[in-house]
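In: Coordinates for the following, if possible.
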Amino acid sequence: MSLVYVIEDDRTMRNAVAMLLEAEGFAVKTFASARDFMARVIRRNAGCILTDMRLRDGMTGLDVLWHVSAWGPHWPVVFLTGHGDDTLREKAFAGGAVEFLEKPCPAEVLIGAVQKALVGRGPGRPTAMA
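Out: Numbers count the residues shown, from 1 in each chain. Next up, the predicted model:
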């Protein structure tokens, strides 16, 4: 079973994303903040990180990306944000993000991005939103 770490400070969104991914057969661990993720995750339990860009704990999704990039290639990052722009998208891909999605995002696009990340396809290009 593939492991997905969801970092999202909005509880309703965090729970909805977790339920969607669990329904697709993913094992999901959720975190309300980047700091909580950093404090609780065990590096040997690699998986896909699905993170918001703006988080309320003083860290951003880019901070998460830069931190886990030092852990190795088994920590692909997918962004799901309501605060996307071209500059953030470029920074995310330059840092090695697999995908950069904007809310609202169709379920099938989100699931496809997580699947892509978990098969190790590496950094990609932005996915067009419907």
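
In: residues in contact with the closest residue to M59 other than its chain neighbours?
Out: Closest residue to M59 apart from its sequence neighbours, by C-beta to C-beta, 6 or more residues apart in numbering: A34 at 3.8 Å. Where C-beta positions appear, they are placed from N, C-alpha and C, glycine not excepted. By C-beta atoms under 8 Å, 6 or more residues apart in numbering, the residues touching A34 are I7, T51, L55, D57, M59, T60, G61, D63, V64.

In: For the fourth one, grab the count of nearby residues.
Out: Looking back up the chat, that one is D57. The number of residues packed near D57 is 16, by other C-beta atoms under 10 Å.

In: Adjust the sequence numbering to begin at 278 for everything that follows.
Out: Sure thing, new numbering starts at 278, so read that last one as D334.

In: Show the pLDDT at it.
Out: What the model reports as pLDDT for D334 is 83.

In: What ranges does this structure have for its helices?
Out: Taking DSSP state H to define them, one finds helices in the chain at 288-300, 311-317, 338-346, 363-371, 384-395.

In: which of those helices sits most buried?
Out: helix 338-346 (a mean of 20; mean count of other C-beta atoms under 10 Å).

In: pLDDT of it, averaged?
Out: Mean predicted confidence for helix 338-346 is 93.

In: That helix versus helix 363-371: what angle between them?
Out: 10 degrees (axes from the mean of the first three to the mean of the last three C-alpha atoms, to 10 degrees).

In: could you say what helices and strands helix 338-346 packs with?
Out: helix 311-317, strand 325-328, strand 354-358, helix 363-371 (3 or more C-beta pairs under 8 Å, 6 or more residues apart in numbering; DSSP states H and E).

In: Measure how the third one sits relative to helix 288-300, angle-wise.
Out: I take that to be strand 354-358. 140 degrees.
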